[in-house]
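Engineer: My questions concern the predicted model and sequence given below.
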Amino acid sequence: MTSDKTLRIVATNDADDVGALMHALGRRARAAARAVALAPAAQRDAALHAMGNALTARAAAILAANAQDIAEAKAAGQNAAFIDRLMLDEKRLAEVAHAVADIAKLPDPVGRVLAQWTQASNGLRFERVATPLGVIAVIFESRPNVTADAGALCLKSGNAAILRAGSDSFRTSTEIAAALRQGLEEAGLPADAIQLVPTRDRAAVGEILKGLDGAIDVVVPRGGKSLVARVQSDARVPVFAHLDGNCHVYIHERADLDMAQAIVLNAKLRRTGVCGSAETLLVDEACAATHLASLVKALLDAGCAVRGDGATQAVDARVTPATEQDWATEFLDRIIAVKLVAGLDEAIDHIERYGSHHTEAIITADAEAARRFLAEVDSAIVLHNASTQFADGGEFGFGAEIGIATGRMHARGPVGVEQLCSFKYRVHGDGQIRP
């Protein structure tokens, strides 16, 4: 039987003392993190199943809260891509609940022996073993499903989660978090292993970035450039940065036109508001005569605005001129920048100059060109003959993701349960002493 007092999350626009509120939350998270880290895998998995069931049982309340968030966003004049990121319906919520339960099917990452060896000089036996990170703070905007994904992944990996939702998804995230906490209690785990920051006051973010007196082990920002920049600048704890997704598709001279068209339309238009949406299309001059006009027409006919260089403007009067800023822009809308490049080297140079090191794709039948692109493009995810919209932890078999890390330390690409673990060394002896 769950306790209403334990599950209740006070949704407020301010707090008398945000600092005191957040430090108390941090202390509870630290205590819960130890309990979750020591819990057997079967208990954590039981909680995940219970959380999935609770999301289904609480669907009416979650969707009602989401309708309020959507109405507020529309009244504020947010665009269609933003509304799409924010919106939950019965189908999407069912997918969220299913994904949470599916995370229980993943192998337990905690306690995995990553390496083992015996040191010949002293006979000691060494093991490097995966351990939880501890308390993970996730700061996100406009995607209420992140509440469920982050909470579930943190639990599976033996961590506690402090979740700070954006004001735009606050009501929805509050209801989702209540369902997750219900599932934790039903499995006999502390509800405080997943806590949603119960205030919209932006001062709460500042307190998180200070680390809450050592309670927080890592911060994961998931949002726009300004949020990520602030976190990277101000955080006193490690950060898994999820930067903007200025993703590219490069059409090599040996690209099959039908394949290229299908991939480009999917990469740009399947969902324009996700970080894996393609924002720039690079077309090799060697295939421009056969490929460029067809690709541009397909995009325009599908309702996508095209901003192009001079050669691209010449193939269709509907193309508008691209500016220097367009090459570096994550549009998150039905807009794409298109440019001709003089071969593979120029495509790679363009991506290096303007990209965000997130996700890039090459379309080609040339194995050597694909090998070079995959080896030389310095992004977290590089694809050959596949849509950039596969930049998703679920599509990688990770169950879900907290974000796509674009840095180079510890985690890179989709951050799933394995990336939410650190490690320690276990050393076994039989009486050795050091001479």
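Structural biologist: Nice, thanks for sending it over.

Engineer: going forward, measure contacts between C-alpha atoms and count neighbours the same way
Structural biologist: Noted.

Engineer: Count the neighbours of residue 213 for me.
Structural biologist: As a burial measure, residue 213 scores 11 neighbours (other C-alpha atoms under 10 Å).

Engineer: cool, the one 3 residues further on as well?
Structural biologist: The tally of other residues near residue 216 (other C-alpha under 10 Å) stands at 26.

Engineer: mind checking which helix or strand it is in?
Structural biologist: For residue 216, there is no host helix or strand (DSSP states H and E).

Engineer: so it makes contact with residue 133?
Structural biologist: No: assessed by C-alpha atoms under 8 Å, residue 216 is found out of contact with residue 133, at 9.5 Å.

Engineer: what's the distance between stretch 265-281 and the middle of its chain?
Structural biologist: 15 Å (C-alpha atoms, centre = their mean, to the nearest Å).

Engineer: ok, and for that stretch, which residues are buried?
Structural biologist: Within stretch 265-281, the residues that count as buried by 16 or more other C-alpha atoms under 10 Å are 265-269, 271-281.

Engineer: the strands in the stretch 301-435 of the chain, which residues?
Structural biologist: Using DSSP state E, counting those that start in this stretch, the strands of the stretch 301-435 of the chain run over 305-308, 320-321, 335-341, 359-363, 381-384, 404-405, 413-414, 421-428.

Engineer: Of all those strands, which one is nearest residue 205?
Structural biologist: Closest to residue 205 of the strands of the stretch 301-435 of the chain, according to C-alpha to C-alpha: strand 404-405, at 19.7 Å.

Engineer: picking up where we left off before, sitting in strands, which of the buried residues of stretch 265-281 do you find?
Structural biologist: If you go by DSSP state E, the buried residues of stretch 265-281 have 278, 279, 280, 281 in strands.

Engineer: for those, which one is nearest residue 430?
Structural biologist: The closest of those to residue 430 turns out to be residue 278 (C-alpha to C-alpha; 57.8 Å).

Engineer: thought that closest one was touching residue 334?
Structural biologist: No: using C-alpha under 8 Å as the test, residue 278 is too far from residue 334 to be in contact (10.1 Å).

Engineer: Find residues that contact each of these two.
Structural biologist: The contact sets of residue 278 and residue 334 overlap at residue 268 (C-alpha atoms under 8 Å, 6 or more residues apart in numbering).

Engineer: quick revisit: out of the strands of the stretch 301-435 of the chain, which gets nearest to residue 119?
Structural biologist: Nearest to residue 119, of all these, is strand 421-428, at 10.4 Å by C-alpha to C-alpha.

Engineer: Please identify the buried residues of the closest one?
Structural biologist: For strand 421-428, burial by neighbour count (16+ other C-alpha under 10 Å) applies to 421, 423.

Engineer: strand partners of that strand, parallel vs antiparallel please.
Structural biologist: strand 125-132 (antiparallel) (DSSP bridges).

Engineer: what about the partner strand, average pLDDT?
Structural biologist: Mean per-residue pLDDT for strand 125-132: 96.

Engineer: repeat for stretch 169-189
Structural biologist: Averaged across stretch 169-189, the pLDDT comes to 97.

Engineer: Distance to residue 168 added to the strands of the stretch 301-435 of the chain, as JSON lines?
Structural biologist: Shown next, in JSON lines, are the strands of the stretch 301-435 of the chain (distance: least, C-alpha to C-alpha, whole Å):
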{"stretch": "strand 305-308", "distance to residue 168": "27"}
{"stretch": "strand 320-321", "distance to residue 168": "33"}
{"stretch": "strand 335-341", "distance to residue 168": "24"}
{"stretch": "strand 359-363", "distance to residue 168": "27"}
{"stretch": "strand 381-384", "distance to residue 168": "29"}
{"stretch": "strand 404-405", "distance to residue 168": "21"}
{"stretch": "strand 413-414", "distance to residue 168": "24"}
{"stretch": "strand 421-428", "distance to residue 168": "30"}
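
Engineer: what's around residue 302, how many residues?
Structural biologist: By other C-alpha under 10 Å, the residues close to residue 302 number 12.

Engineer: From residue 275, how far out is it?
Structural biologist: The gap separating residue 302 from residue 275 is 20 Å, by C-alpha to C-alpha, to the nearest Å.

Engineer: what's around residue 66, how many residues?
Structural biologist: Using other C-alpha under 10 Å, residue 66 has 24 other residues around it.

Engineer: Need phi/psi at it.
Structural biologist: Reported as degrees, to the nearest 10, the phi and psi values for residue 66 are phi -60, psi -40.

Engineer: rewinding a little: how about the strands of the stretch 301-435 of the chain, which one is nearest residue 190?
Structural biologist: strand 421-428 (20.1 Å).

Engineer: if we look at that closest one, which residues are touching it?
Structural biologist: Strand 421-428 has contacts (C-alpha under 8 Å, 6+ apart) with 109-110, 124-133, 157.

Engineer: now, among these, which is nearest to residue 59?
Structural biologist: Closest approach to residue 59 among those (C-alpha to C-alpha): residue 157, at 25.9 Å.

Engineer: My understanding was that the closest one contacts residue 112; is that so?
Structural biologist: No: judged on C-alpha under 8 Å, residue 157 makes no contact with residue 112 at a distance of 11.1 Å.

Engineer: Neighbour count for those two, which is higher?
Structural biologist: residue 157 (28 against 15).

Engineer: Next, the contact list for that one, please.
Structural biologist: Per C-alpha under 8 Å, 6+ apart, neighbours of residue 157: 37, 108, 109, 110, 132, 417, 418, 420, 421.

Engineer: Columns distance to residue 258 on top of those, output as CSV?
Structural biologist: Listed next are the contacts of residue 157 as CSV, based on distance: C-alpha to C-alpha, whole Å:
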residue, distance to residue 258
37, 50
108, 42
109, 41
110, 45
132, 46
417, 37
418, 37
420, 40
421, 42
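
Engineer: Which of the buried residues of stretch 265-281 scores worst on pLDDT?
Structural biologist: For these, the pLDDT minimum is residue 273, 83.
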